[in-house]
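S.K.: Here's a sequence, model it:
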Amino acid sequence: MTDELGSFLKARRAALTPYAVGLPETSHRKVAGLRREEVAQLAAISVDYYTRLEQGRVQASATVLATLARALRLNDDEQTYLYAVAGKSDARPRRRRPAQKVRPAIRRLLDQLTENPAIALGRRMDVLAWNEAAAALFTDFAQLPVAHRNYIRLLFTDPAVRALHVDWQHDARDAVAALRMEAAADPDDPALAQLVGELSVQDADFRTWWAEARVNSASYGTKHYHHPVVGDLTLDCDVWTSPDGSGQRLMVLTAEPASSSYDALRLLTSWQASVSR
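M.R.: Here you go, the predicted structure:
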């Protein structure tokens, strides 16, 4: 059935446009639909491995089939066919993962932290909730589609958030390493696989750092920002993990009392309060 699998994969990628999967359109394309390397990047697998799959020279695992199904936007019938021609049991989860909701206790903490930027992070570094100081420092999360409220996605795709970080490469590389830790804990998370695939295609730095397989579970550090309203800020960043096993974390940024960053933070929160009225 390997010939059928290869033919099916070729047909499905030929039927997809770059626009349909969030890739930039290019004027000179030698093949209809997606290129092999684009499918491989979306599925977070190597181009060589994907090429051998299409050529029938290697068998796909159920995990790889799941990532390919997401990358190629297969519907239920197409996924059933994919598993059948690959000779694998359909191991797709039959229950949807519950939507992430910020814990009430974390929500209360956010509301009480009026002068320090704070963000509630969920799985995959999704931004679940934030306070006004965080909106003033980073971006107005409320104006973003829910699917785009992801800390690492913003680091790589939002020019303003990217420019905010004085040492963007250091901070972004650490964030990729932290996402790697999450991938190890939940390797079958389809939303995580989609996020990794999309960022791998869109950003060469992400693709390189993800391939390094570096991991990082640091829960504190120092961040250097340059904000367009208040200028330079040096803030301590501390992350606390919820004790309930939900994986939710509270990230809080603070400044040394009596420092220029402390004064800048106060100015920033005052400015945010004035523009929110």
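
S.K.: which residues sit in contact with Ser242?
M.R.: Arg103, Ile106, Gln248, Arg249, Leu250 (Cβ atoms under 8 Å, 6 or more residues apart in numbering). Heads up, the C-betas are built off the backbone N, CA and C, glycines and all.

S.K.: quick one: which two of those are the most distant?
M.R.: Arg103 and Arg249 (10.6 Å; Cβ to Cβ).

S.K.: Where in the protein is the helix or strand with the lowest mean pLDDT?
M.R.: When the helices and strands of the chain are scored by mean pLDDT, DSSP states H and E, helix 76-86 comes last with a mean of 82.

S.K.: Could I get the full set of helices for the protein?
M.R.: In the chain, the helices defined using DSSP state H lie at 2-14, 36-42, 47-54, 62-71, 76-86, 104-112, 132-137, 151-157, 159-164, 168-185, 190-202, 204-211, 260-276.

S.K.: what stretches of the stretch 101-250 of the chain score poorly on pLDDT?
M.R.: Along the stretch 101-250 of the chain, the model assigns pLDDT under 70 to no residue.

S.K.: would you turn the helices of the chain into TSV with distance to Ala120?
M.R.: Converted to TSV, the helices of the chain look like this (distance: least, Cβ to Cβ, whole Å):
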stretch	distance to Ala120
helix 2-14	38
helix 36-42	29
helix 47-54	37
helix 62-71	26
helix 76-86	33
helix 104-112	5
helix 132-137	9
helix 151-157	11
helix 159-164	17
helix 168-185	16
helix 190-202	17
helix 204-211	24
helix 260-276	18
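
S.K.: can you list these in a markdown table and add distance to Leu23 and mean neighbour count?
M.R.: Shown next, in a markdown table, are the helices of the chain (distance: least, Cβ to Cβ, whole Å; neighbours: other Cβ atoms under 10 Å):
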| stretch | distance to Leu23 | mean neighbour count |
| --- | --- | --- |
| helix 2-14 | 12 | 17 |
| helix 36-42 | 6 | 22 |
| helix 47-54 | 15 | 17 |
| helix 62-71 | 11 | 21 |
| helix 76-86 | 20 | 16 |
| helix 104-112 | 35 | 14 |
| helix 132-137 | 30 | 22 |
| helix 151-157 | 13 | 20 |
| helix 159-164 | 19 | 14 |
| helix 168-185 | 20 | 17 |
| helix 190-202 | 6 | 20 |
| helix 204-211 | 13 | 16 |
| helix 260-276 | 36 | 15 |
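
S.K.: All set now, cheers.
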